[in-house]
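Asks: Below: sequence and its predicted model.
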Amino acid sequence: MSGEHASRRLIDDYARGDATMAADAVWALEAHLETCAPCRSRLAASVATEAPGIAALVDTVRAGLEPQLDAAVPVPSRRRRPRWVAAWLTPVMAPWLAMTVVVTLVALLLDAVASPTLFGNASPLLLVAPVLPLCGVAASWSRGLDPAHELTASTARAGLPLLLRRTTSVLVVVLPGLLVGDWLTGTMTAAQWLLPSLAFTSTALALGSVVGVTRAATGLLATWGVVVAVPAWATGHVPLALRLVLQPDQLPGWGLLLALGTGAVIARRNAYSTL
């Protein structure tokens with residue numbers, strides 16, 4: 001990139017489909033082309049000279065489609081969503097976020113009315129708080145749940161930047177709800193669940209670079225349920241694991257896990273565009 005526009009050499013290499021171009025250079029160029037009409041014009045001219053076969057193919061497709069497009073019945077325009085909604089949310093996240101809020105409310109209700117021995121004198125809200133954001137994270141970059149996943153994944157801004165936006169939108173919804181629950185019940189402190197919650201989220205994203213974010217988040221949820229939540233409900237006693245991992249003196253360990261997860265996400269940032 002030079003100045004405010006892409007260089008001629010970079011555009012020519014892109015038009016030819018040069019396989020030696022670095023992935024970050026391709027991403028930067030495609031992101032720039034989204035907002036730069038002059039560079040798109042230069043790319044069109046470059047395709048005509050550098051890749052005449054592609055230009056001929058485009059002309060052939062256009063010639064075949066134009067009669068059909070002219071004969072097509074115009075569809076009434078639908079109200080478009082603001083661009084920031086598409087950049088930060090996916091259509092399937094709304095029910096997941098609603099479900100996460102409902103789980104928070106149910107845990108809050110159980111905390112208020114259930115017998116103290118039902119969960120071994122542990123707050124139901126504390127049992128779910130550390131892993132609650134994983135519900136939304138699991139849906140934020142899901143191939144099976146997002147009907148527009150192929151279109152989204154093929155855009156220039158797909159990969160880690162889009163995943164981080166959607167993860168942030170989950171945290172913006174979930175964390176305030178947990179803070180309100182914390183304030184209403186007074187049975188736990190934010191220090192007990194906030195850092196573990198962020199650590200679980202960063203770990204899910206880090207593991208997601210290898211196995212997929214949805215699989216990683218679901219696996220961590222299942223592990224927490226088997227090790228902590230289910231034993232607390234089944235035995236009526238606070239599991240040893242819960243007493244060990246959520247004690248104040250364990251916060252440095254959670255901070256280290258958060259730092260390691262964040263570092264792994266940064267180190268493998270290019271892997272998210274190929275998931």
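Replies: Nice, thanks for sending it over.
Asks: Only C-alpha atoms from now on, for both contacts and neighbour counts.
Replies: Noted.
Asks: hang on, residue 20 in a strand?
Replies: No: using DSSP: H, G, I helix; E, B strand; the rest coil, the secondary structure at residue 20 is coil, not a strand.
Asks: for the longest helix along the chain, packing partners?
Replies: Taking residue count as the measure and DSSP state H as the definition, the longest helix of the chain comes out as helix 160-185. Counting by 3 or more CA pairs under 8 Å, 6 or more residues apart in numbering; DSSP states H and E, the packing neighbours recorded for helix 160-185 are helix 83-88, helix 93-113, helix 133-140, helix 190-211.
Asks: Going by mean pLDDT, which of the ones you listed comes out lowest?
Replies: Per-stretch averages of pLDDT across these put helix 83-88 at the bottom, with a mean of 60.
Asks: can I get the CA coordinates of stretch 17-24 in PDB?
Replies: Only the C-alpha atoms of stretch 17-24 are listed here, as PDB (Å, rounded to 0.1, in the frame of the first residue of the first chain):
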ATOM      1  CA  GLY A  17      -4.100 -14.300  -8.800                       C
ATOM      2  CA  ASP A  18      -0.500 -14.400  -7.800                       C
ATOM      3  CA  ALA A  19      -0.200 -17.300  -5.300                       C
ATOM      4  CA  THR A  20       2.900 -15.800  -3.700                       C
ATOM      5  CA  MET A  21       1.100 -12.800  -2.300                       C
ATOM      6  CA  ALA A  22       1.100 -12.800   1.500                       C
ATOM      7  CA  ALA A  23      -2.300 -13.500   3.200                       C
ATOM      8  CA  ASP A  24      -2.100 -10.200   5.200                       C
END
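Asks: next one: that stretch to chain centre, how far?
Replies: Distance of stretch 17-24 from the chain centroid (CA atoms, centre = their mean, to the nearest Å) equals 26 Å.
Asks: List the contacts of that stretch.
Replies: Contacts of stretch 17-24 from elsewhere in the structure, counted by CA atoms under 8 Å, 6 or more residues apart in numbering, are 13, 14.
Asks: re earlier: list the buried ones in the longest helix of the chain?
Replies: 160, 162-164, 166-171, 173-175, 177-178, 181-182 (16 or more other CA atoms under 10 Å).
Asks: One more: stretch 4-16?
Replies: Judged by neighbour count (16+ other CA under 10 Å), stretch 4-16 contains these buried residues: 6, 10, 11, 12, 13, 14, 15.
Asks: give me the element the nearest residue to the last one once chain neighbours are set aside is part of.
Replies: The one in question is residue 15. For residue 15, the nearest residue in space outside its immediate sequence neighbours is residue 47; the separation is 5.2 Å by CA to CA, 6 or more residues apart in numbering. Take DSSP states H and E as the rule and residue 47 turns out to sit in helix 37-50.
Asks: Fine by me, we can end here.
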